[in-house]
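For reference, the sequence and a predicted model appear below.
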Number of protein chains: 4
Amino acid sequence: MSTNKLKIVNDPVYGLISIDNELIFDIIEHPLFQRQRRIKQLGLSYLVHPGAMHTRFQHALGATHLMQDALSVLGRKGFYISEEDRESAMIAILLHDLGHGPFSHTLENSFFHDVSHERISEEFMKIIDRDHNGKLAGGIKVFNDTHPQRLLHKLVSSQLDMDRLDYLNRDSFFTGVSDGVIGSARIIQMLSCHDDEPVIEAKGIYSIEKFLIARRLMYWQVYLHKTVVAAEEMLKLIMLRAKELMMKGGKELFASPALKFFLSNNITENELHTEYDGITPLQHFAELDDSDIVSAIKVWSHCDDYVLSQLCKRLIDRKLFKIEVSGNEIPDSRVQEIKDEMLRRNVVPAEYVDWFVIKGALYNKAYSRNHNDAIKVIQKDGTINEVAAASDMSNVFALSKTVKKSFVCYIQLPQTL
Amino acid sequence: MSTNKLKIVNDPVYGLISIDNELIFDIIEHPLFQRQRRIKQLGLSYLVHPGAMHTRFQHALGATHLMQDALSVLGRKGFYISEEDRESAMIAILLHDLGHGPFSHTLENSFFHDVSHERISEEFMKIIDRDHNGKLAGGIKVFNDTHPQRLLHKLVSSQLDMDRLDYLNRDSFFTGVSDGVIGSARIIQMLSCHDDEPVIEAKGIYSIEKFLIARRLMYWQVYLHKTVVAAEEMLKLIMLRAKELMMKGGKELFASPALKFFLSNNITENELHTEYDGITPLQHFAELDDSDIVSAIKVWSHCDDYVLSQLCKRLIDRKLFKIEVSGNEIPDSRVQEIKDEMLRRNVVPAEYVDWFVIKGALYNKAYSRNHNDAIKVIQKDGTINEVAAASDMSNVFALSKTVKKSFVCYIQLPQTL
Amino acid sequence: MSTNKLKIVNDPVYGLISIDNELIFDIIEHPLFQRQRRIKQLGLSYLVHPGAMHTRFQHALGATHLMQDALSVLGRKGFYISEEDRESAMIAILLHDLGHGPFSHTLENSFFHDVSHERISEEFMKIIDRDHNGKLAGGIKVFNDTHPQRLLHKLVSSQLDMDRLDYLNRDSFFTGVSDGVIGSARIIQMLSCHDDEPVIEAKGIYSIEKFLIARRLMYWQVYLHKTVVAAEEMLKLIMLRAKELMMKGGKELFASPALKFFLSNNITENELHTEYDGITPLQHFAELDDSDIVSAIKVWSHCDDYVLSQLCKRLIDRKLFKIEVSGNEIPDSRVQEIKDEMLRRNVVPAEYVDWFVIKGALYNKAYSRNHNDAIKVIQKDGTINEVAAASDMSNVFALSKTVKKSFVCYIQLPQTL
Amino acid sequence: MSTNKLKIVNDPVYGLISIDNELIFDIIEHPLFQRQRRIKQLGLSYLVHPGAMHTRFQHALGATHLMQDALSVLGRKGFYISEEDRESAMIAILLHDLGHGPFSHTLENSFFHDVSHERISEEFMKIIDRDHNGKLAGGIKVFNDTHPQRLLHKLVSSQLDMDRLDYLNRDSFFTGVSDGVIGSARIIQMLSCHDDEPVIEAKGIYSIEKFLIARRLMYWQVYLHKTVVAAEEMLKLIMLRAKELMMKGGKELFASPALKFFLSNNITENELHTEYDGITPLQHFAELDDSDIVSAIKVWSHCDDYVLSQLCKRLIDRKLFKIEVSGNEIPDSRVQEIKDEMLRRNVVPAEYVDWFVIKGALYNKAYSRNHNDAIKVIQKDGTINEVAAASDMSNVFALSKTVKKSFVCYIQLPQTL
């Protein structure tokens, strides 16, 4: 019965969230959606911000809640969205991150070869769609931008989408980094529509400035926090080494069957549905979550491979790599210097030194002025401006610059270098 | 250097938490403490309250933060606590839950035979103590109530301890159940001391009423939430069945080595330090966390044992047992009726029916007036009363009654009975 | 144009409040409604809780916001409320406190003789109604309980009305007394209707317990805070003395014309519309707000009447009366003892001693089980119980007891007695 | 006794504030400090943001609380501040705004001729100092920048002082404009000291960016909100007209004695202590607060001067001037056009038209890079940079530009022009 289906979810971020659409509620009950309860939104960030244990499941519900609000504001302002299209938009935002695997972005390239999480999201949506007799068709169209009302896709995926509004709110809430808090309620109240695209009313421009600066700050303080970056590099190395040992070395490592499958095979996009012993890579991927990785790493920390056991033991015990970050390119000579010192002090055997010093780069761009995706402001007289141009100052313009930083991280030496 | 050690932790509940004691900071870095990052505070509650992903690690830091505040309030009120004793109290509260294993209370009896988590906490403390050359001795005394200043133990473990203040705050924060929010800051400001015991100043009595009622509500709305109870019963059955299959059936189930050890052995208190193939049960336990259980359950959901695979599949996909809760004892006839219906409809094979219908009881007692542990109020003139007696109403007295509820939970039938 | 009228108000308590009804918006713009911006919700409470500067204006908007939510929850649960009745309910809650004068309850009897603020509210509503061509007729019916759908009146005025939900939230928010925080969002989600009365769904019963206890605590910690009671007694004495001086003594005191009118006349209910020099008492009352009283008191603190100047000076400078509160009746002998001491020490001239010692009583009843107004709970099977009976313990029953305290307050003596 | 003096204040913004210094506590009890309870922090802002009723009293306590925190952070980082200097810094911040009169900045020039509120603050401090036997001497030195430890003055008055940290937090809290929320706790944790000046540790730079952008946004959304600007212009005109009527016209207007004094006299800086009928202007000013103005305006709205009654009636009933704001200079021709239209439609008598059309300008500069006052960042290696130079992008640089807007505001015409 339908009243039975009126559900309220306690969300620490927004308070009580009502889900009043029966199909949405049924989708939430699908195992592929429930799986997101076991995938943390921010991967290893909890090693720096202990509160960051929140999951993709919570983010998906939160973004859907904001979508509900945004569509109702647009409706009250006279932009007609049919009940069916509303449902499609909600499905699309609800499922937009469905394809994320264990530790989300960090391991995005560790399981498949060149398959984006968006691609997996769409595949998973199709499975749920099949289980609901095609009722998700509209939602899939909104997701992959083939729906005639482009506004809806833009609310799911653009520089001012419900995804970003929710994740900035949510990630700052759970990390406790108050600098990331944005005025999402006000931004949504200021939403309007022009040429089938979301735009912001002029008096909302300051909230957009705040939103962009918050995004910039969250990148440096959370997403690209240097200690988290070091931990993520370690995790990527662990997966690389485990795969190398299993595929090249023929070594048998402890792993759940799904994890073992990916450690033993290189799967590309066109093999997603190929059966291996009766199971497709997609089915294996649906079984994976953070727990498989953590559970395996603990066991591997006792294995007899020097590289793997060292990396695992240190990650589990939070003896993370030391990291140096610089606004300038870190020269190869500095990397060599670190390696030399490691060898001089016998920190690691010479043959493995490359596993313990990693160089990389971080990019932070708060806002792209790219025409297709720029955030647009509508004046009272209907004029449309791009937000950097509409501001009374050049600070938004400044935010469209990409800031690049270079880093090198390496196993901690007994004494600092 | 010491400034390097001045650490600030972002805590979503209290804001920034400063840790200014170097030993405390070192203990936090110990692997046995870091392990708590991988054990959720509220076990399976996240299946009902999606935000309840917070960990024992966060709770330990939060309770320590409150201890710091409580000791400084007491100090300002003239109750002298030496720097050494302060450190001891902080160690004790920091480590009070160290002995919890995967899914905390739910599986407290699934790994060891008759060993409380407090006992394990003390064993783990001794390990850390050894690693720090005996510096935790005072903390251990506070924890096991052998410290001469009994006040300190009471702040760690009593009806008005920092443990409860933190977990009510924290659990209500992360579940989003605002009814559990308590005025911990005010309660701490009202703390005083009498006969080496914490007491509350008279004008704080209303905050205590609120605290007790909040505790009562959190039990029904969170800790004993009926859906969570059903999930926990399933988890306990899963562990029981897995152990039965491995020990009696000689079946080989997927499990991490540590989990496998406990599924294959019944360990009692005096075997904690016995070596099995060179590893003690305590060492195995230190390797275990939530991830081992979750990862195994997913694999077991595909195994060929009817009972285990059914229970696992349903728990993972959140197709939880239906539960009936009643203020009166549920009669055996009702249990039999459910079983008959299950058999009539062929929901489960007759031989396994007992695995799919479970009867049990829930107890909720917000406050115990037991003399040793009763909360005491100090009037301006120095008179001491027990809080229920000090209140201007009988509502606190009412809260000292134990409320018992009976439940039966069972696999969902195709149509409700 | 109507979009122009879509207004959003920033409310610190609930965030952004949308007002989407044009008539409601017009009423808000009426001078009689704007007047509420100048009347503090909690009178003199700001002398104890400095944040308590919030006004009747904010409370009226907040309660209207909650009414909007409550009606929409009831609508989704199938209880039909026509658009017209919805507007009437919103008008009634918006204007329910319109008749409050300066310092609200404290001076409720200082201006008129035996006229309740509800009576004035209704008179003021009729004025606004006239200015809007009778469009408030339905709202007035809801307010004075002559509307056929009694549910609506109960949402405006009963033990579980939007008034209480808002004021508990708001007063605890602005005083910073967190013990008063209630789960209004959850209570509203649990609202249902039975026999044209609001009822609470069974699973909301704990939130009601919390709501009642919060109310009890707010009475002792805020509304009946002993220091506030002392200040209020002083304010009442000031008005009494000023009136006595002007009416009996023929003394000319500084006062705004409206205040002067009430200090010089005893107005009863049937003179509300009588013209005095062309102005009715109601018109004079509409001109009054907190500022007239504060501004006059400052001037009076320099006047040559001993009693008035002393009381005024002390209230303005926050040298408040000392107060003794007791659960037992304070005997007259204690009052006499205080007076004797005052005289012995020449604190005040003998003839005025009665102006500086006041005895009184405080009553706190969190909940009335009176049949007409009791809070009712609806079980899943449709059974209706009164909430104290429905609870699994007797604590709610306890809350229905009236707690009486006796107090005596008096001018501070150079040294405490 | 000292324990009696340990006071806790409920502050909605920071929770419980402890005041543990007896002198501070005594100063708070002084009538000149209590007077601040009757002066709203944000003047007329409550006409747009109904929550903005908070007072100078609350702000003073809040800023003192932050000072306490800042000094303790600096102390823990090894910067020694003696107990006496700590008290001086707390006195200075506690009393920094003491000299504000009714409606703060708006009427800053309406009472005295060319006397800043800082000057009055210092005069008032001296009075309190005299009442406490010279104990405020150190505090006055910190305030007027003659204290040898300049760091302390900078914490009271600079671009990164406790004043700004508190008012941004507090004003955004009470207005509900979440865009103004800053991470004051984090900024304070990042405080350090260099060359006797406060500096920010490098990793706090993003919080400074956020702080500056929040300040910019608060200016446009709150302090310079166009509707508030219109109301403030009206209030200034009212005071001007009243003074003109009383001084030039010899008209007797209702006013409290203190207000009447300022409406009848032009007082300059060197007359502050001159006695007029035995009372100094400073003493009169100490009697004034918001209530005198509001109470008078209500009476004046019925007076027989066209200009004064119109302005007063409209301000009280919130029929505010319409305002046009532009990034470009508004040409005089536009002002003339408005006046012509007003005359053509007989909105106001021709002779008074200048009282109903006002042109002005608004300035917003989030940050000044002026060397003496620039915010400085200290790198790990001790290098000092100005914050705009230290940032990895030019957005902070952009914030140092002054944005000027031009406005014209005027009485609403029956139909919009």
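Cool, the structure landed.

how many neighbours does A:Val299 have?
By other CB atoms under 10 Å in any protein chain shown, the residues close to A:Val299 number 17. (C-beta placed from N, C-alpha, C; glycine too.)

Was I right to think it contacts B:Leu259?
No. With contact defined as CB atoms under 8 Å, A:Val299 does not reach B:Leu259; the gap is 10.1 Å.

Pull up the overlap in contacts between those two.
Counting by CB atoms under 8 Å, 6 or more residues apart in numbering or on different chains, A:Val299 and B:Leu259 have no contacts in common.

Which single residue of the stretch 201-350 of chain A ends up nearest chain C?
A:Lys203 (10.5 Å; CB to the nearest CB).

And that residue, how far from D:Glu271?
Separation of A:Lys203 from D:Glu271 (CB to CB, to the nearest Å): 45 Å.

and if you look at A:Asp69?
Note on A:Asp69: its distance to D:Glu271, by CB to CB, is 59 Å.

Dihedrals phi and psi, the nearest residue to A:Arg37 once chain neighbours are set aside?
Residue nearest to A:Arg37 in three dimensions, not counting chain neighbours: A:Phe57, with 4.3 Å by CB to CB, 6 or more residues apart in numbering or on different chains. With angles defined as degrees, to the nearest 10, A:Phe57 sits at phi -60, psi -50.

Could you report the pLDDT at A:Phe57?
Predicted confidence (pLDDT) for A:Phe57: 98.

Hmm, it is touching A:Lys40, no?
No. Counting by CB under 8 Å, A:Phe57 stays clear of A:Lys40, with 10.0 Å between them.

what's the span of stretch A:241-253 from first residue to last?
11 Å (CA to CA, to the nearest Å).

Kindly report the same for stretch A:388-403.
Stretch A:388-403 stretches 17 Å from its first residue to its last (CA to CA).

Now that stretch: buried residues?
A:388, A:390-393, A:395-401, A:403 (16 or more other CB atoms under 10 Å in any protein chain shown).

Stretch A:311-322 too?
Those would be A:Leu311, A:Cys312, A:Lys313, A:Arg314, A:Leu315, A:Ile316, A:Arg318, A:Leu320, A:Phe321, A:Lys322, for stretch A:311-322 by 16+ other CB under 10 Å.

show me what contacts the residue nearest to A:Arg37?
Counting by CB under 8 Å, 6+ apart, A:Phe57 touches A:Phe33, A:Gln34, A:Gln36, A:Arg37, A:Ile39, B:Pro50.

hmm, 7 Å instead?
By CB atoms under 7 Å, 6 or more residues apart in numbering or on different chains, the contact set of A:Phe57 is A:Gln36, A:Arg37, B:Pro50.

Can you give me the distance of the closest residue to chain C within the stretch 301-417 of chain A to chain D?
Here the residue of the stretch 301-417 of chain A nearest chain C is A:Lys380; by CB to the nearest CB that distance is 10.7 Å. Distance, A:Lys380 to chain D, by CB to the nearest CB, to the nearest Å: 11 Å.

ok, for that residue, nearest residue in space, not its chain neighbours?
A:Ala202 (6.3 Å).

Would you map the helices across the stretch 101-250 of chain A?
Counting by DSSP state H, counting those that start in this stretch, one finds helices in the stretch 101-250 of chain A at the ranges A:117-131, A:137-143, A:150-156, A:162-175, A:184-189, A:205-218, A:226-247.

May I see those helices arranged in a markdown table, with mean neighbour count as well?
Converted to a markdown table, these look like this (neighbours: other CB atoms under 10 Å in any protein chain shown):
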| stretch | mean neighbour count |
| --- | --- |
| helix A:117-131 | 18 |
| helix A:137-143 | 23 |
| helix A:150-156 | 23 |
| helix A:162-175 | 24 |
| helix A:184-189 | 21 |
| helix A:205-218 | 24 |
| helix A:226-247 | 21 |
